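# Below is the structure, and that's it, no one-letter string:
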């Protein structure tokens, strides 16, 4: 399924749709294929088979909400919003509905989205992905308010939506987003909370490449920051690199696939500039954290994975050029 997701086409989505509809609950992993390779007709058939009386049918995976929005099905707008604001909040249901709405105009929902944000702004716990819809209100002041919210009362247990919500403000958010990545208050390295993943997606949305992020990291590690802050910077960069290596499809049109090849990343991060001193990412991490630190061990693993990916990329180029 991962291969089809990466390299498939519309014909794959068409062939797999009846297979999914035969048993949606057991075939959840097919849904991203419909989003990436489908079209509006696929979205309409998903809607027809999966929704009844404005709600997902029992047993239908919530990813369908994301998919129909991603495919631009404007007729799904009200149904998606009802899944966000419903009385019985379900995290995954609301998350996928918000991600779907991010791809729609939401012209008729501006007031309702703004009112929902006003009810929760400043709270510690809140519907985590509601903040990604702040841009749909048409009010640019929400950028500063989301930053203030994340640095104030918001719990790091549910700040992934704030991180992405800031990023989708575009170029105006670039400086604030870069600052939050390295700010320990945001815990952008958090794998258990998902903050690391949404920080990665946010970086993609803003077009921040590994070269940009690595230059930021090197500057911070060579500065007079304290050891705890440097540890945090390494944690965050390693978490971002982990997702870069994984290259998972994120399902956001605002976040195109990274264009750095595995070979380019190896050259950037893991090559020595001379045979006399390890000034690579691993050497830098070893000097800052100690060579026995667990992050150094993880970086060795990520290097090995990237070098394997680089070999596969070369093989693929050779095969497809014949």
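Good, I have the coordinates. These numbers were taken from a predicted model, which means no experiment stands behind them.
# make it CA atoms for all contacts and neighbour counts henceforth
Fine.
# What residues of the host helix or strand of residue 115 count as buried?
Element membership of residue 115, judged by DSSP states H and E, is helix 110-120. Buried residues in helix 110-120, defined by neighbour count with 16 or more other C-alpha atoms under 10 Å: 110, 113-114, 116-117.
# In terms of distance to residue 96, which of those ranks first?
Closest approach between the buried residues of helix 110-120 and residue 96, by C-alpha to C-alpha: residue 113, at 15.8 Å.
# Please compute how far the helix ranked longest in the chain lies from its chain's middle.
Of all segments of type helix in the chain, defined using DSSP state H, the longest is helix 294-321. Computed by C-alpha atoms, centre = their mean, to the nearest Å, the separation of helix 294-321 from the middle of its chain amounts to 21 Å.
# That one packs against which elements?
Packed against helix 294-321, as judged by 3 or more C-alpha pairs under 8 Å, 6 or more residues apart in numbering; DSSP states H and E, are the following elements: helix 227-246, helix 262-270, helix 281-289.
# how about CSV for the buried residues of helix 110-120, with distance to residue 313 and pLDDT added?
Conversion of the buried residues of helix 110-120 to CSV gives the following (distance: C-alpha to C-alpha, whole Å; pLDDT from 0 to 100):
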residue, distance to residue 313, pLDDT
110, 44, 97
113, 43, 98
114, 45, 98
116, 46, 96
117, 44, 97
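# a markdown table please, covering those residues and showing distance to residue 254.
As requested, the buried residues of helix 110-120 are exported to a markdown table (distance: C-alpha to C-alpha, whole Å):
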| residue | distance to residue 254 |
| --- | --- |
| 110 | 20 |
| 113 | 20 |
| 114 | 22 |
| 116 | 24 |
| 117 | 22 |
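# So residue 296 versus residue 284, what's the distance?
Residue 296 sits 9 Å away from residue 284, going by C-alpha to C-alpha, to the nearest Å.
# Looking at these two, which is more packed in?
Relative neighbour count places residue 296 above the other of residue 296 and residue 284, with 21 against 18, counting by other C-alpha atoms under 10 Å.
# wait, what's in contact with the more buried one?
The neighbourhood of residue 296, defined by C-alpha atoms under 8 Å, 6 or more residues apart in numbering, consists of 282, 285-286.
# Give me the buried subset of those.
Judged by neighbour count, with 16+ other C-alpha under 10 Å as the criterion, the buried members of these are 282, 285-286.
# and of the residues you listed, the nearest to residue 229?
Of all the buried ones among the contacts of residue 296, residue 229 sits closest to residue 285, with 13.2 Å by C-alpha to C-alpha.
# Pull the residues that contact stretch 126-138.
Stretch 126-138 has contacts (C-alpha under 8 Å, 6+ apart) with 84, 89, 91, 94-95, 98-99, 101-102, 105-107, 110-111, 113-114, 117, 120, 142-143, 146, 158-162, 164-166, 168-169.
# Enumerate the positions of that stretch that are buried.
With burial defined by 16+ other C-alpha under 10 Å, the residues of stretch 126-138 counted as buried are 126-137.
# now swap in stretch 288-306 and tell me
Taking 16+ other C-alpha under 10 Å as the neighbour-count basis, stretch 288-306 is seen to contain the buried residues 288-289, 295-296, 299, 302-303, 305-306.
# Low-confidence bits of the stretch 151-300 of the chain, can you list those?
Filtered on pLDDT under 70, the stretch 151-300 of the chain yields no residues whatsoever.
# picking that back up, quick check, nearest of the contacts of residue 296 to residue 173?
Top of the list for closeness to residue 173, among the contacts of residue 296 and by C-alpha to C-alpha, is residue 285 at 28.8 Å.
# now the helix or strand harbouring residue 43: mean pLDDT?
Assigned by DSSP H and E, residue 43 falls within helix 40-50. Within the predicted structure, the mean pLDDT of helix 40-50 is 96.
# what's in contact with it?
Looking at what lies outside helix 40-50 - C-alpha under 8 Å, 6+ apart - the contacts are 13-14, 17, 21, 34, 56-57, 60, 64, 67-68, 71-73, 76.
# Please point out which parts of that helix sit buried.
Judged by neighbour count (16+ other C-alpha under 10 Å), helix 40-50 contains these buried residues: 40, 42-44, 46-47, 50.
# Can you add distance to residue 193 and give the residues you listed back as a markdown table?
Below are the buried residues of helix 40-50 laid out as a markdown table (distance: C-alpha to C-alpha, whole Å):
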| residue | distance to residue 193 |
| --- | --- |
| 40 | 33 |
| 42 | 32 |
| 43 | 30 |
| 44 | 33 |
| 46 | 30 |
| 47 | 31 |
| 50 | 29 |
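# Which of those lies at the shortest distance from residue 227?
Using C-alpha to C-alpha, residue 43 comes nearest to residue 227 of the buried residues of helix 40-50, at 50.5 Å.
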